[in-house]
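Enquirer: Build me a model:
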Amino acid sequence: MPRRPMTPTLPPAIELLDLLPDAVCVVDADGRFLYVSASFERILGYSREEILGRQTFDLVHPDDRAATRQAAGEVMAGALQRHFRNRYVHRDGHSVDIQWSARWHPGYGVRVAIGREITELRQAERELEHRASHDPLTGLPNRHRLHAELRQAIQRPASDGAGLAVLYVDLDGFKAANDRGGHDVGDRVLVDVAARLLKGVRQHDLVARIGGDEFVVLLRGCRNIHAARTVAEALRARLQPPFQLPDGPITLDASIGIACHPHDGGTAEALLSHADREMFAIKHRRPRDARGAGRASSRAG
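Expert: Numbering: from 1, shown residues only. Sure thing, here's the model as predicted:
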């Protein structure tokens, strides 16, 4: 008689969970770990003994705890959470990006979550985000990022009478640097200009490159036009020491137009337009030899 095939015996569900590449965890209503899979241990570096009974939020990156608590509350209210991202802190201290799917089981009083490590994906996304919002030559924010930051600054309620000012900076004489040394030399000068401008502003201010030799400085908390002019003159002074070219030094200057919110405009576009007009007026009031041979032809994002 032919032998009857053996009926396979399934391993316990817990053992199956340990075979998954994604992390699986179960937490109670207070957010304490009741179970973690082998991949959870692998991804975060903790043993089960170190994890069970601990608060989940203790392992979440401090900057992501508020959003994680909110997401957990939504899950416990009945929402099926998919594709929620946050950062956990690995046992050795570095952050780990995880994408979670979670569901609350009211009959058992537990929240079950499955997490996939996406650290490399997030690094790639952040790199693309940086490229999209920053000038590739100088590393400064580009025009797109400037507009976003300026709109946000305008929308944020002023505190303690703090104001907002925009400085539109156009280099005078930069074309001569390109003519003497070529675009590679001109690029090195622009990188140096960017560094000098950054050193002349506060940490919470913003310096952006929006054109070939055009920069915009966003002064947050600038009290009035007098304070903005003081900063503008200080930036001009920083740009006036000679820049070193292969065939010798070159001296540049800058025409700087100023716009203050809300006096000179209530929108990002209006402020930039006003500052641009002020810059042109200053540039064309100066003798031609003082302002150089005009603007560079190249543009930046």
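Enquirer: need the strands for the stretch 51-200 of the chain, in chain order.
Expert: Along the stretch 51-200 of the chain, the segments classed as strands by DSSP state E, counting those that start in this stretch run 81-89, 95-105, 110-117, 164-172.
Enquirer: Turn the ones you listed into CSV, columns for distance to R277 and mean pLDDT.
Expert: (C-beta placed from N, C-alpha, C; glycine too.) Listed next are these as CSV, based on distance: least, Cβ to Cβ, whole Å; pLDDT from 0 to 100:
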stretch, distance to R277, mean pLDDT
strand 81-89, 44, 95
strand 95-105, 45, 97
strand 110-117, 52, 96
strand 164-172, 9, 97
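Enquirer: Could you look over those strands and pick the most buried one?
Expert: Stretch with highest mean neighbour count among the strands of the stretch 51-200 of the chain: strand 164-172 (a mean of 25; mean count of other Cβ atoms under 10 Å).
Enquirer: Report the distance from that one to the chain centre.
Expert: 22 Å (Cα atoms, centre = their mean, to the nearest Å).
Enquirer: ditto for stretch 37-56
Expert: On Cα atoms, centre = their mean, the centre of stretch 37-56 falls 31 Å from the chain's centre.
Enquirer: and if you look at stretch 178-187?
Expert: 31 Å.
Enquirer: pLDDT below threshold where in this protein?
Expert: Under the criterion pLDDT under 70, the flagged ranges of the chain are 1-11, 157-161, 287-301.
Enquirer: swap the cut-off to 50 and go again
Expert: For the chain, the stretches with pLDDT under 50 are 160, 293-299, 301.
Enquirer: Pick out the residue closest to the middle of it.
Expert: Central residue of the chain (Cα atoms, centre = their mean): H130, 6.8 Å from the mean position.
Enquirer: Tally up the residues packed near the spatially closest residue to L164 that is not a sequence neighbour, please.
Expert: Once flanking residues are discounted, L164 sits nearest to H261: 4.1 Å by Cβ to Cβ, 6 or more residues apart in numbering. Using other Cβ atoms under 10 Å, H261 is surrounded by 21 other residues.
Enquirer: what sits against H261?
Expert: Taking Cβ atoms under 8 Å, 6 or more residues apart in numbering, we find H261 in contact with I154, G163, L164, A165, V166, L271.
Enquirer: Would you confirm that the fourth one contacts C222?
Expert: Yes: distance between A165 and C222: 3.8 Å, which falls inside the contact criterion (Cβ atoms under 8 Å).
Enquirer: Need the overlap of contacts for the two.
Expert: A228, V231, C260.
Enquirer: now, which of those residues lie within helices?
Expert: Among the shared contacts of A165 and C222, the residues falling in helices (DSSP state H) are A228, V231.
Enquirer: Take the strands of the stretch 51-200 of the chain and write them to TSV, including distance to D22.
Expert: Listed next are the strands of the stretch 51-200 of the chain as TSV, based on distance: least, Cβ to Cβ, whole Å:
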stretch	distance to D22
strand 81-89	13
strand 95-105	9
strand 110-117	5
strand 164-172	46
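Enquirer: of these, which approaches P12 most closely?
Expert: Checking the strands of the stretch 51-200 of the chain against P12 by Cβ to Cβ gives strand 110-117 as the closest, at 16.9 Å.
Enquirer: what angle separates the lengthiest helix in the chain from strand 164-172?
Expert: Ranked by residue count under DSSP H, the longest helix found in the chain is helix 174-199. Orientation of helix 174-199 against strand 164-172 (axes from the mean of the first three to the mean of the last three Cα atoms, to 10 degrees) gives an angle of 150 degrees.
Enquirer: any residues touching stretch 222-238, and which ones?
Expert: 161-165, 167, 169, 196-197, 199-201, 217, 219, 253-254, 256, 258, 260, 263.
Enquirer: Surely T68 and F57 touch.
Expert: Yes: using Cβ under 8 Å, T68 makes contact with F57 at a distance of 6.5 Å.
Enquirer: These two: which is more packed in?
Expert: Taking other Cβ under 10 Å, T68 and F57 do not tie; T68 has more neighbours (21 against 14).
Enquirer: Looking at the strands of the stretch 51-200 of the chain, spot the one closest to V36.
Expert: strand 110-117 (10.1 Å).
Enquirer: Show me what the closest one is packed up against.
Expert: Helices and strands touching strand 110-117, by 3 or more Cβ pairs under 8 Å, 6 or more residues apart in numbering; DSSP states H and E, are strand 23-28, helix 38-44, helix 65-76, strand 95-105.
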